[in-house]
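>>> Any chance you can model this:
(chains A and B)
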Amino acid sequence: MKKLLIWIALLAPLLTLGLFALSKGWFYPEPFPAQLTPEAFSRLISDTRTLKAIIDSLLLAVLVSLLSLIIGYPAARAIGTQDFPAKKYVWLAIFLPTVVPPLAIGMGMSILALQTGLSGTPFGIILAHIVPTLPYTVFTLAGVFARYDENYEYQALALGASPTRIFFAITLHLLAPGLAVAGLFAFLISWSQYLLTLLVGGGRVLTLPVLLFSAVSGGNPTTISALSLLFLAPPVLIIAATARFLGENPNSVHERI
Amino acid sequence: MKLKRSLAPTLLILTLLLGASLLYGLMQSLGYLTIIGEKELSLTAYQNLISGQGTAGREFWASLGFSLWVSIVSTILSAIGALFLATLLNRRPSNFDTFALNWNLAFPHLVWGVFMLLLLAQSGLLARWAGALGIIQSPADFPVLVRDRYGIGIILTYLGKEIPFLTLLILALLRTQSDGYLLVAQNLGANAWQRFRLVTLPLVRPALVSGSLLVFAYIFGAYEVPALLGVRYPRTLPVLALESFTNPDLRARAEGMAISLIIAFIVLMIAGFARAKEELQG
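A predicted model of the protein is given here:
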């Protein structure tokens, strides 16, 4: 009984979205669509605007997560492995952008972007996305570094390995799972970002969530559902891949997507 | 020296972007609008909000009330639902249970809102089934559960997302506790309700309270769900803020920006309070 309820809760959203996405000319009060057809998906995929939105969203999220990892790595390492007097304030400075609502950041940033000419540019959007992704990358990586044993590196150093070699042969090797999780979180946050893209993009940058949002106002359930499923695919895959990690320490990443 | 170099990139980027954004926002809320050549700073926008005047200010108090209503009801019901679910899962959730809860977290709020629209609209899935079964005669007979005056659709959407989140928080805490207290209580003859009220609840209360404050702060500042599932009036504060900000009437922008900063201030206070509480409890 309990298991059945969980299955229903698990599958209801997907099945509902799937039913609408595969329907054609399905109206009240027919309980189910008369025919199922993948037409909506083929229409979306062959639509250049949607296709561009998918590619742009993917590229953006990948770039933002790589940048977050590169920028956040040294800070996460320092926080995770060292104790220093100002640590509390450093935490606070990193924590702050995750608390201020994206709305307030985005509205101010849209003016900033307009005045610096970054509005609607890829660089402007990337900078905007880094504000919410970087803190989570640092949080996650600092947690990984707190359990990291630096002695392996010292040993390699003592044996005469170069810093580059140590980084690639030891550090990267040992940290791979943690880096992957941190990167995936950043991807997830950037991929789902609506407000910052809208505000800093000045309405000219169309990512998948921006398209989805305007489709919902338009109101064709078939298109909306098909777009939702496309939008949903990466997060579902990522959460499935990181479920083990999330299960151990649920954090507020979810509040950002 | 090395420490500073490690921390500098992250801290510089975050504080510069956040600081500059908030500063520009603040300037705009004070009426510094270079576009219309306005360079005098004034508190007009804030005065309009408080006295209920102006394009956006007229709706300010109604929106504040509506935002508080939606956020408080969603938070309290989520906390109760999560407590219930965590107790039901019996503090030893199977991998399958944990996976199901995490699965829900994968749904962006936007998609969850779309799901609710498809499910609960007057011509949505449930209405179609009710119509096919002859329970209702026309879509108009189906209760208005989304885009309704009382924010029921918004609240239901948040419940679907926040209950699993808080449940995971509670379960993570319970996993670190041993069964000892529960066994002792059971041994001493405590029934299920007493065990819940006297053992489980005090154990999870700190996590539940700080988690609920986080949920409240998030909902209070969130735009997407109320924009999708709300009505024109009353609007939540974030919706009012953004719509005023993008209003062609440039004077409404200052008010929109001011509302947005007020939201940020309230959210920061609550998050700070939650943090302080956590630290006090170690």
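>>> tell me, what residue is most central in the chain?
If you meant another chain, say so; for now it's chain A. A:Leu188 (1.6 Å; C-alpha atoms, centre = their mean).
>>> um, chain B though
B:Ile219 (1.5 Å).
>>> which one is it nearest to, not counting chain neighbours?
B:Ser71 (4.4 Å; C-beta to C-beta, 6 or more residues apart in numbering or on different chains). For the C-beta atoms, the positions are set from N, CA and C on the backbone; glycine is no exception.
>>> For B:Arg251, see how far away the residue nearest to the centre of chain B is.
B:Ile219 sits 29 Å away from B:Arg251, taking C-beta to C-beta, to the nearest Å as the criterion.
>>> tell me which residues in the lengthiest helix in chain A are buried?
Scanning chain A for the longest helix, with DSSP state H as the assignment, gives helix A:48-81. Going by neighbour count (16 or more other C-beta atoms under 10 Å in any protein chain shown), the buried part of helix A:48-81 is A:50, A:53-54, A:56-57, A:60-61, A:63-65, A:67-69, A:71-80.
>>> Can you show me the helices along the stretch 1-150 of chain A?
All helices of the stretch 1-150 of chain A, identified by DSSP state H, counting those that start in this stretch, fall at A:2-21, A:39-46, A:48-81, A:87-99, A:102-116, A:122-146.
>>> Turn those helices into TSV, including distance to chain B and mean pLDDT.
Below are those laid out as TSV (distance: least, C-beta to the nearest C-beta, whole Å; pLDDT from 0 to 100):
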stretch	distance to chain B	mean pLDDT
helix A:2-21	5	88
helix A:39-46	14	91
helix A:48-81	4	95
helix A:87-99	4	90
helix A:102-116	3	93
helix A:122-146	5	94
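>>> returning to what we had before: now the strand or helix carrying the residue nearest to the centre of chain A: buried residues?
Using DSSP states H and E, A:Leu188 falls within helix A:172-191. For helix A:172-191, a neighbour-count test (16+ other C-beta under 10 Å) marks A:174-175, A:178-179, A:181-191 as buried.
>>> Check which element follows that helix along the chain.
helix A:195-201.
>>> Does chain B have contacts with that following helix?
Yes: using C-beta under 8 Å from any C-beta of the partner chain, helix A:195-201 comes into contact with chain B via A:Leu195.
>>> Need the contact partners of that helix.
Applying C-beta atoms under 8 Å, 6 or more residues apart in numbering or on different chains, the contact partners of helix A:195-201 are A:102-103, A:105-107, A:109-110, A:113, A:118-120, A:124-125, A:127-129, A:131-132, A:205, A:207, A:209-210, A:213, B:223-224, B:242.
>>> Buried subset of these as a PyMOL selection?
To isolate the buried members of those in PyMOL, using 16+ other C-beta under 10 Å:
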select buried, (chain A and resi 102+103+105+106+107+109+110+113+118+119+124+125+127+128+129+131+132+205+207+209+210+213) or (chain B and resi 223+224+242)
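>>> which stretches of chain B have low pLDDT?
B:1, B:33-39, B:90-92, B:281-282 (pLDDT under 70).
>>> Tell me where it has strands.
Taking DSSP state E as the test, none of chain B falls into strands.
>>> For the stretch 151-257 of chain A, give me the ranges with low pLDDT.
Scanning the stretch 151-257 of chain A for pLDDT under 70 picks out A:243-257.
>>> Just list the residues touching A:Ile111, thanks.
B:Tyr24, B:Gly25, B:Gln28.
>>> The second one against A:Gly106, yeah?
The one in question is B:Gly25. No: with contact defined as C-beta atoms under 8 Å, B:Gly25 does not reach A:Gly106; the gap is 9.3 Å.
>>> Not counting its neighbours along the chain, what's nearest the residue of the stretch 51-200 of chain B found nearest chain A?
Nearest to chain A in the stretch 51-200 of chain B, going by C-beta to the nearest C-beta, is B:Gly131, at a distance of 2.8 Å. Leaving aside its chain neighbours, B:Gly131 sits nearest to A:Pro29 (2.8 Å; criterion: C-beta to C-beta, 6+ apart).
>>> Contact partners for that neighbour?
By C-beta under 8 Å, 6+ apart, the contact set of A:Pro29 is B:Ala127, B:Arg128, B:Ala130, B:Gly131, B:Ala132.
>>> which one of those residues is nearest B:Gln47?
Each of these was checked against B:Gln47 using C-beta to C-beta; the closest is B:Ala127, at 45.9 Å.
>>> shouldn't the closest one be in contact with B:Ile136?
Yes: B:Ala127 is in contact with B:Ile136 according to C-beta under 8 Å; the separation is 6.9 Å.
>>> Give me the common contacts of those two.
Residues touching both B:Ala127 and B:Ile136 (C-beta under 8 Å, 6+ apart): B:Phe142.
>>> So between these two, which is more surrounded?
Higher neighbour count among B:Ala127 and B:Ile136: B:Ala127, with 24 against 20, using other C-beta atoms under 10 Å in any protein chain shown.
>>> The nearest residue to the more buried one once chain neighbours are set aside and A:Tyr28: what is the separation?
Once flanking residues are discounted, B:Ala127 sits nearest to B:Phe142: 4.1 Å by C-beta to C-beta, 6+ apart. Going from B:Phe142 to A:Tyr28 by C-beta to C-beta gives 9 Å.
>>> Common neighbours of the two, please.
By C-beta under 8 Å, 6+ apart, the residues touching both B:Phe142 and A:Tyr28 are B:Ser123, B:Ala127, B:Gly131.
>>> The closest residue to B:Lys161 other than its chain neighbours - how many residues pack around it?
In space, B:Lys161 comes closest to B:Trp112 once its chain neighbours are excluded; the distance is 5.4 Å by C-beta to C-beta, 6+ apart. Counted by other C-beta under 10 Å, the residues lying close to B:Trp112 total 22.
>>> same question, the one 4 residues further on
Counted by other C-beta under 10 Å, the residues lying close to B:Met116 total 25.
>>> That one: what's it in contact with?
Here B:Met116 is in contact with B:Val146, B:Gly153, B:Leu156, B:Thr157, B:Gly160, B:Leu229 (criterion: C-beta under 8 Å, 6+ apart).
>>> Swap in 7 Å and give it another go.
The contact partners of B:Met116, by C-beta atoms under 7 Å, 6 or more residues apart in numbering or on different chains, come to B:Val146, B:Gly153, B:Leu156, B:Thr157, B:Leu229.
>>> Tell me the one of those residues nearest A:Phe95?
A:Phe95 has its nearest neighbour among the contacts of B:Met116 in B:Thr157, at 26.8 Å by C-beta to C-beta.
>>> separation between A:Leu36 and A:Ser46?
From A:Leu36 to A:Ser46 the distance is 19 Å (C-beta to C-beta).
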